[in-house]
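Engineer: model the following, please.
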Amino acid sequence: MKTVAMIPARYAASRFPGKLMQDLRGKPVIVRTYEAALNTGLFDEVLVVTDSEQIAEVIRQAGGRVIMSREQHETGSDRIAEAVSDIEVDIVVNVQGDEPFTEGESLKKLIDVFREDPREEIDLASLMTEISDPEEIRNPNTVKVITDRQGFALYFSRAPIPYQRAESPRAVYYKHKGVYAFRKRALLDFRRLPIQPLEAVEKIEAIRYLEYGKKIKMVATRVTGIEIDTPEDLERAKAAWT
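Structural biologist: Next up is the predicted model:
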């Protein structure tokens, strides 16, 4: 089962433009993320997919392989779907470029989903982590997910789901971490399928898979890491880096 990691990396970012090129203890954030993915030892290859020559150059200097996007893309899935179309691969793991604390334990759990699915019924897998901070639960920048009893995603939302109607039983909330593992065909399907209303309203790309009947297996992890979405996140990352 050939498995590659793809790191979609665009220079523009609405909340923190150029964040992937910010210095994190001597190297750009995107280089730290690339090296973290490489160091897991889980992949046949690690690729960075970008539309930025600036990002491409620092990855090449770090000894990495870059695929330049030829088109403009709304989502990371679209970007890597274009890149993977001509590559012979079974499983593609989408590692977010702003997660320099990417680690192997959680990624191995995602890959194992497909090793344990001989009938190839699962289209993609993704990570979730339990959250309890009321502010984070209410925060629309934190995407929440609910699953069925087998761990398959039912819905993703920026709203607090499930809704706590009464004091008992207490609701359990899970944050969706934007790390995916796909079968190649699921990625190619994603690229050709138009956006539907729920994805358009929530601005969550994972919903497109659900709207077209794809099966998403959610994998719980206790590893939270630090996603660099704001300058404050970068300072937290610098303080945590060892």
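Engineer: top strand in the chain by residue count?
Structural biologist: The longest strand of the chain (DSSP state E) is strand 173-183.
Engineer: what's the following helix or strand after it?
Structural biologist: Where DSSP states H and E defines the elements, the next helix or strand beyond strand 173-183 is helix 184-192.
Engineer: how far off centre is that next one?
Structural biologist: Using CA atoms, centre = their mean, to the nearest Å, the mean C-alpha position of helix 184-192 is found 16 Å from that of the whole chain.
Engineer: sorry, back to before: return the list of helices and strands in contact with the longest strand of the chain.
Structural biologist: helix 76-84, strand 91-94, helix 104-115, strand 124-131, strand 144-147, strand 216-220 (3 or more CB pairs under 8 Å, 6 or more residues apart in numbering; DSSP states H and E). (Glycine included, C-beta is placed from N, CA and C.)
Engineer: going by neighbour count, list what's buried in it.
Structural biologist: 173, 174, 175, 176, 177, 178, 179, 180, 181, 182, 183 (16 or more other CB atoms under 10 Å).
Engineer: circling back: would a markdown table of the helices and strands packed on strand 173-183 with mean neighbour count be doable?
Structural biologist: Output for those, formatted as a markdown table (neighbours: other CB atoms under 10 Å):
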| stretch | mean neighbour count |
| --- | --- |
| helix 76-84 | 23 |
| strand 91-94 | 24 |
| helix 104-115 | 17 |
| strand 124-131 | 21 |
| strand 144-147 | 20 |
| strand 216-220 | 20 |
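Engineer: for these, give me a markdown table that also has mean pLDDT and distance to residue 69.
Structural biologist: Shown next, in a markdown table, are the helices and strands packed on strand 173-183 (pLDDT from 0 to 100; distance: least, CB to CB, whole Å):
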| stretch | mean pLDDT | distance to residue 69 |
| --- | --- | --- |
| helix 76-84 | 86 | 6 |
| strand 91-94 | 96 | 14 |
| helix 104-115 | 95 | 23 |
| strand 124-131 | 96 | 21 |
| strand 144-147 | 98 | 28 |
| strand 216-220 | 97 | 24 |
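Engineer: for residue 241, find the nearest of those.
Structural biologist: Closest of the helices and strands packed on strand 173-183 to residue 241 is helix 104-115, at 17.6 Å (criterion: CB to CB).
Engineer: mind checking how far the closest one is from the chain centre?
Structural biologist: Relative to the centre of its chain, helix 104-115 is centred 14 Å away, using CA atoms, centre = their mean.
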